[in-house]
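In: let me see the structure of the following:
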Amino acid sequence: MEPDAFASLVSLDPAAARPLTAQIYDALRRAAREGRLPAGARLPSTRGAATALGVGRNTVVAAYDLLRAEGVVEIRPCAAPVVLEGARPPAPRPAPPAAPGPIAAAAPATLGPAAAADLSSPVRPASPGWVHPGLPDEALLPRDLWARTLRRQARGSHGRRLTGGAEFFGLERLRAALAERLRADRGVVVPPERLLVVNGTQSALLLAAMTAARPGDGALVESPGYGGARLAFAAAGLRVSDLPVDRAGADISRAADPGARIAFVTPSNQYPTTARMTLPRRQALVDWARRAGALVVEDDCDGEFHWRGGRIGALQATGPDVVVHMASAEKTLAIGLRLAWLAVPEPWVEPMRRAHRNLGLGANLHAQAALAELMEGGAWRAHLRRIARSYQEREALLAAALTRRLGRRARLRRPDGGLQSAVELPDRAAELRCVEALAAAGFSVGALSEYGGDAPGPHGLLVGFAQVTPALAERFAAVVEGALAPRAAVA
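Out: Sure thing, here's the model as predicted:
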């Protein structure tokens with residue numbers, strides 16, 4: 001579709017209360033439903049659409065993801081979004097909860113009127129033989145232990161307490177167990193009363209965004225970085241800008257919007273580059289947050305899996321007054337468990353509690369009780385050690401196969417832990433060839449350039465290794481080798 005034709009479908013009002021993301025989403029959804037966007041029509045790329053509309057690329061990315069979530073468009077790697085046949089009208093949206101003014105009106109933060117229903121994230125594929133980044137190996141998850149623990153908690157003396165609405169912000173015993181584990185494992189010193197348990201990582205991000213800033217305020221997300229954070233912040237009505245990342249981690253001195261009210265970072269194992277944020281960069285980020293009156297959200301993604309190099313503490317230890325530490329059980333127990341937690345600075349506890357209750361973000365109490373039992377009895381630590389060893393071995397298998405096959409045609413950025421590796425490639429053409437060849441062979445990988453924000457990310461692949469076997473590693477490396485040969489080496 002030509003840029004002018006695309007722009008004619010979307011009329012934007014920057015002064016309107018509804019965020020630009022939602023305006024683009026509404027306009028394109030309506031055009032598809034009315035037939036002005038016929039089935040099979042190809043939309044511009046996110047960058048092309050952003051140029052045509054005069055908005056940031058992040059705004060278009062969020063709108064396209066919402067359209068994909070409702071089945072209006074199909075988005076495939078390295079291809080233009082395609083309008084699907086029979087795009088269905090949306091289901092009625094529930095009205096936002098009634099409240100006298102902002103939900104979290106206590107200083108220093110307020111909650112703006114953004115629609116939580118706009119929160120959406122891409123569906124992760126799951127298929128045997130795929131190496132999709134971020135997916136754990138379900139065979140390693142303790143199904144039987146988890147089922148027995150759930151049953152015991154439901155039937156035991158605590159069972160009656162799990163049917164009511166008490167301890168909405170998190171079971172007291174789980175928050176006590178989490179406080180101990182965070183202190184011992186990550187250097188996060190936080191009392192249980194400053195911990196909030198929520199129903200998943202995206203809910204945690206939305207809660208932080210809607211409490212720390214008002215619609216129209218600036219937000220920073222690492223670039224390249226986690227798209228789910230961009231989507232959550234955009235759904236809260238924030239203007240998302242880039243926080244550039246290099247081999248030393250996020251660099252606040254190069255932030256696109258130094259006046260932002262919230263920033264999202266993955267300092268201990270940057271997603272997707274695997275970089276560690278250096279101590280000077282950590283201190284600079286904390287200093288910025290204090291000067292700007294901003295909040296930093298630290299996602300300790302894959303922090304449970306660490307096996308190489310000196311263990312580095314959480315960013316929260318550097319700035320406990322301005323850093324929210326966020327983690328979850330989704331990659332250690334089950335992706336669909338929807339159990340995450342935040343360690344919150346003291347001034348933000350009451351505003352976040354108000355927003356937490358009004359948005360209905362409480363997590364399942366039975367799951368909380370079961371996790372608390374596992375942590376209290378030591379089974380949790382034993383489980384983490386077991387699966388971390390397995391992932392370390394699988395990462396080594398993949399690294400050996402890629403190094404042997406590719407030589408200097410690619411550069412492997414081996415992580416210190418986690419569930420994925422980054423493979424740097426010489427240019428976008430090489431990246432496209434590899435993604436296409438791997439997809440044809442049944443593999444799903446991330447294209448590193450697609451993890452950028454307003455500027456594209458580096459060229460390469462993001463490869464999950466959680467399900468790697470020796471045979472799978474060799475087959476994967478052979479496909480990449482075939483896609484690259486006989487091309488030039490990475491400088």
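In: go through stretch 45-64 and flag the buried ones.
Out: Along stretch 45-64, the positions that meet the burial threshold by neighbour count (16 or more other Cβ atoms under 10 Å) are 45-46, 48-50, 52-53, 55-64. Where you see a C-beta, it was placed from the backbone N, CA and C, and this is true even at glycine.
In: out of those residues, which sit inside helices?
Out: Mapping those onto helices (DSSP state H) picks out 46, 48-50, 52-53, 57-64.
In: wait, which of those residues is closest to residue 20?
Out: Each of those was checked against residue 20 using Cβ to Cβ; the closest is residue 59, at 5.0 Å.
In: how much space is there between the closest one and residue 388?
Out: Between residue 59 and residue 388 the distance is 38 Å, computed by Cβ to Cβ, to the nearest Å.
In: picking up where we left off before, okay if I get the ones in helices among the buried residues of stretch 45-64 as TSV plus pLDDT and distance to residue 298?
Out: Listed next are these as TSV, based on pLDDT from 0 to 100; distance: Cβ to Cβ, whole Å:
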residue	pLDDT	distance to residue 298
46	87	27
48	88	34
49	90	32
50	88	28
52	90	36
53	92	33
57	83	25
58	76	20
59	82	25
60	86	27
61	82	23
62	76	22
63	81	27
64	85	28
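In: is it true that residue 346 touches residue 194?
Out: Yes: counting by Cβ atoms under 8 Å, a contact exists between residue 346 and residue 194, whose distance comes to 6.5 Å.
In: for residue 273, which non-adjacent residue is spatially closest?
Out: Spatial nearest neighbour of residue 273, excluding adjacent residues (Cβ to Cβ, 6 or more residues apart in numbering): residue 422 at 5.6 Å.
In: quick check, the one you found in contact with residue 464.
Out: No: with contact defined as Cβ under 8 Å, residue 422 does not count as touching residue 464 (11.2 Å).
In: so which bits of stretch 477-484 are buried?
Out: Buried, per 16+ other Cβ under 10 Å, within stretch 477-484: 477, 479, 480, 481, 483, 484.
In: tell me the SS of the first one?
Out: Under DSSP: H, G, I helix; E, B strand; the rest coil, the three-state class of residue 477 is helix.
In: how close does it get to residue 444?
Out: 16 Å.
In: over to residue 288?
Out: Distance check for residue 288 against residue 444: by Cβ to Cβ, it reads 37 Å.
In: cool, residue 172 as well?
Out: Using Cβ to Cβ, we find residue 172 at a distance of 41 Å from residue 444.
In: who's more crowded, these two?
Out: Regarding residue 172 and residue 444, a neighbour count based on other Cβ atoms under 10 Å identifies residue 444 as having more, with 20 against 16.
In: for the more buried one, helix, strand, or coil?
Out: Using three-state DSSP, the structure places residue 444 in coil.
In: for the stretch 201-350 of the chain, which segments count as strands?
Out: For the stretch 201-350 of the chain, strands defined by DSSP state E, counting those that start in this stretch occupy the ranges 218-223, 239-246, 249-250, 262-265, 295-299, 323-328, 340-343.
In: mind putting these in TSV, mean neighbour count included?
Out: What follows is those, written out as TSV (neighbours: other Cβ atoms under 10 Å):
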stretch	mean neighbour count
strand 218-223	28
strand 239-246	23
strand 249-250	27
strand 262-265	29
strand 295-299	28
strand 323-328	26
strand 340-343	25
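In: residue 314 is in contact with residue 299, isn't it?
Out: No: here residue 314 does not reach residue 299: they are 10.6 Å apart, not a contact under Cβ under 8 Å.
In: helices along this protein, start to end?
Out: Taking DSSP H as the criterion, the chain carries its helices at 3-9, 20-34, 46-53, 57-69, 143-155, 172-186, 201-212, 227-235, 279-292, 349-359, 365-377, 379-406, 428-440, 470-484.
In: residue 255: which of the ones you listed is closest?
Out: Ranked by Cβ to Cβ, the member of the helices of the chain that lies closest to residue 255 is helix 279-292, at 7.8 Å.
In: mind listing residues that contact that closest one?
Out: 248-253, 255, 258-261, 263, 265, 267, 277, 294-296, 315, 318-319, 321-323 (Cβ atoms under 8 Å, 6 or more residues apart in numbering).
In: who's in contact with residue 260?
Out: With Cβ under 8 Å, 6+ apart as the criterion, the residues that contact residue 260 are 217, 218, 219, 220, 241, 292, 294.
In: equivalent analysis for residue 364, please.
Out: Under the criterion of Cβ under 8 Å, 6+ apart, the contact list for residue 364 reads 199, 338, 339.
In: how close does residue 190 get to residue 317?
Out: Look at residue 190 and residue 317: by Cβ to Cβ, they are 10 Å apart.
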